[in-house]
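Participant: A structural model of the following input is requested.
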Amino acid sequence: MSKTEFDEWANFYQSFPFDDKHRYHRPAALIAKVSSTAKIDDLIGWLQPSYAANQDNFDEADMRTLAAFGFKPPARK
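Facilitator: As a prediction, the model looks like this:
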């Protein structure tokens, strides 16, 4: 891939992200909003909990997998 093509893809992704939040969770939250008084951000948070909220759920195998992929495992509380 040329640098020009890479730069074009980077610009496209900045304008139109194609991650799970934008492809699945946001549309689902908008549909849920129709029959709810909840805020969109609360609905998205329920559909896609943050990494920090789940860090207590990692077992030893998860910690080793994260380390193998080069991620610093979260500190145990």
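
Participant: so after the lowest-mean-pLDDT helix or strand in the chain, what's the next helix or strand?
Facilitator: One helix or strand of the chain scores below all others by mean pLDDT, DSSP states H and E: helix 51-54, with a mean of 56. Later in the chain than helix 51-54, the nearest helix or strand by DSSP states H and E is helix 60-68.

Participant: Show me the shaky parts of the chain.
Facilitator: Scanning the chain for pLDDT under 70 picks out the ranges 49-56, 73-77.

Participant: Now residue 48: closest residue in space, sequence neighbours ignored.
Facilitator: residue 25 (4.7 Å; C-beta to C-beta, 6 or more residues apart in numbering). The way it works is simple: take the backbone N, C-alpha and C, and place the C-beta from them, glycine included.

Participant: Go ahead and confirm that neighbour touches residue 46.
Facilitator: No - contact criterion C-beta atoms under 8 Å: residue 25 and residue 46 do not qualify, at 9.2 Å.

Participant: So for those two, which residue has more residues nearby?
Facilitator: residue 25 (17 against 13; other C-beta atoms under 10 Å).

Participant: any chance you could read off phi and psi for the more buried one?
Facilitator: Residue 25 adopts backbone torsions of phi -70, psi -40, taken as degrees, to the nearest 10.

Participant: ok, now which ones touch it?
Facilitator: Contacts here follow C-beta atoms under 8 Å, 6 or more residues apart in numbering; on that basis residue 25 touches 44, 47, 48.

Participant: okay if I get these as CSV plus distance to residue 59 and neighbour count?
Facilitator: Shown next, in CSV, are the contacts of residue 25 (distance: C-beta to C-beta, whole Å; neighbours: other C-beta atoms under 10 Å):
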residue, distance to residue 59, neighbour count
44, 27, 17
47, 24, 15
48, 21, 16
